[in-house]
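Enquirer: let's see this in three dimensions:
(one chain, ligands or ions: 1)
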Amino acid sequence: MAVLSRCSRAVTAATTPNAAAAKFSYLIRALSPFSSSSSTFDADNGLNSRIKPAVLGTLKREPKDRNVQWVFLGCPGVGKGTYASRLSDLLGIPHIATGDLVRDELASSGPLSSQLKEIVNQGKLVSDEIIIDLLSKRLEAGEAKGESGFILDGFPRTVRQAEILEGVTDIDLVINLKLREEALLAKCLGRRICSECGGNYNVACIDIKAENGKPGMYMAPLPPPPQCASKLITRADDTEEVVKQRLRIYQAMTLPVEDFYRSRGKLLEFDLPGGVRESWPKLLHALNLEDEEDKQSAAA
Ligand SMILES: Nc1ncnc2c1ncn2[C@@H]1O[C@H](COP(=O)(O)OP(=O)(O)O)[C@@H](O)[C@H]1O
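Expert: Reported below is the predicted structural model:
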């Protein structure tokens, strides 16, 4: 769509968040024809009662409703990809991970490839312009296939990215995944990806003992299915040094994004109580989505 490529170019040229937002607006408005039907958050209620009606409202899929537009926030290794992809399967909404878009670009040996490789392998953030350009193209391709709604993972990662997104579409809910710091590094180092299907697994077995009044935590490994076992690869940026740098950059650049959404009443804080088996049902409960899973299991 011409409008979309015009917008990608416009964002590249923009110098301030407002200018970028104004130009980028063509893009997401074109992708979200129903973006004015935003969720209603009741700031006077408690967190769950504030979130649940919004979630339910967007799941009703009444004729004029669009699909949900959610964002996953959280430190490297917290499990954004795992939970976003499960929710994407459950709700039939695309899971768009900007880290995957960057890795696809790296693998393509396109013009950006060597520039990106250097940035990513040092644990640094890619420029807002490049990431918005990659995201625009992904959204455009999705729109052409009739996609509606999204679960974003890894975007926004700076306040400027959040301002641009907020300026152009309504994000219904931001799920902020939290995990004890001791577990994050081990989770990144244990991460394995199937080179064929892209599935995410983890060989780390996290067993934090209770200490000084703090409870222990156990997270079982997430093993690959037999067909993926011989095709596992490790991300080049999942080395100890680079993960530590990514964690530092998260604190500096992405923590303020949590505040950005918190102040707008869109942030759902979710403390992961353990591994997927323990955490998934609790996350569904927090999102009031247990019925969706029951329906899916019954249909299977
Ligand atoms: N929104 C973004 N802004 C800038 N850089 C990004 C963004 N998303 C991904 N990247 C780049 O891609 C890398 C991998 O991203 P991701 O897979 O989301 O990693 P993480 O495990 O650190 O959450 C990041 O370290 C960064 O270089």
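
Enquirer: which residues in the stretch 151-300 of the chain form strands?
Expert: Taking DSSP state E, counting those that start in this stretch, the strands of the stretch 151-300 of the chain run over residues 173-178, 191-194, 200-202, 206-208, 217-219, 232-233, 267-271.

Enquirer: figure out which of these is closest to the ligand.
Expert: Closest approach to the ligand among the strands of the stretch 151-300 of the chain (Cβ to the nearest ligand atom): strand 191-194, 8.0 Å. In this view, the C-beta of every residue, glycine as well, is placed from N, C-alpha and C.

Enquirer: redo the strands of the stretch 151-300 of the chain as JSON lines? Include distance to residue 116.
Expert: Formatted as JSON lines, the strands of the stretch 151-300 of the chain follow (distance: least, Cβ to Cβ, whole Å):
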{"stretch": "strand 173-178", "distance to residue 116": "25"}
{"stretch": "strand 191-194", "distance to residue 116": "17"}
{"stretch": "strand 200-202", "distance to residue 116": "20"}
{"stretch": "strand 206-208", "distance to residue 116": "31"}
{"stretch": "strand 217-219", "distance to residue 116": "31"}
{"stretch": "strand 232-233", "distance to residue 116": "18"}
{"stretch": "strand 267-271", "distance to residue 116": "30"}
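
Enquirer: show me where pLDDT drops low in the stretch 201-300 of the chain?
Expert: Within the stretch 201-300 of the chain, the ranges that satisfy pLDDT under 70 run 300.

Enquirer: circling back to that earlier point, and the strands of the stretch 151-300 of the chain: which comes nearest residue 248?
Expert: Smallest distance to residue 248 across those (Cβ to Cβ): 17.3 Å, for strand 173-178.

Enquirer: re earlier: take the strands of the stretch 151-300 of the chain and write them to JSON lines, including mean neighbour count and distance to residue 102.
Expert: Formatted as JSON lines, the strands of the stretch 151-300 of the chain follow (neighbours: other Cβ atoms under 10 Å; distance: least, Cβ to Cβ, whole Å):
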{"stretch": "strand 173-178", "mean neighbour count": "20", "distance to residue 102": "20"}
{"stretch": "strand 191-194", "mean neighbour count": "22", "distance to residue 102": "14"}
{"stretch": "strand 200-202", "mean neighbour count": "19", "distance to residue 102": "16"}
{"stretch": "strand 206-208", "mean neighbour count": "16", "distance to residue 102": "27"}
{"stretch": "strand 217-219", "mean neighbour count": "19", "distance to residue 102": "26"}
{"stretch": "strand 232-233", "mean neighbour count": "14", "distance to residue 102": "16"}
{"stretch": "strand 267-271", "mean neighbour count": "18", "distance to residue 102": "25"}
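
Enquirer: just put those strands in a markdown table and tack on distance to the ligand.
Expert: A markdown table is the format used below for these (distance: least, Cβ to the nearest ligand atom, whole Å):
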| stretch | distance to the ligand |
| --- | --- |
| strand 173-178 | 11 |
| strand 191-194 | 8 |
| strand 200-202 | 10 |
| strand 206-208 | 16 |
| strand 217-219 | 16 |
| strand 232-233 | 14 |
| strand 267-271 | 16 |
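
Enquirer: right, and the ones you listed - which one's nearest residue 277?
Expert: strand 217-219 (9.4 Å).

Enquirer: quick one: strands adjacent to that closest one?
Expert: Applying DSSP bridges, strand 217-219 is found paired with strand 206-208 (antiparallel).

Enquirer: spell out which parts of the stretch 151-300 of the chain neighbour the ligand.
Expert: Contact residues (Cβ under 6 Å from any ligand atom) of the stretch 151-300 of the chain with the ligand: 154, 155, 157, 161, 237, 246.
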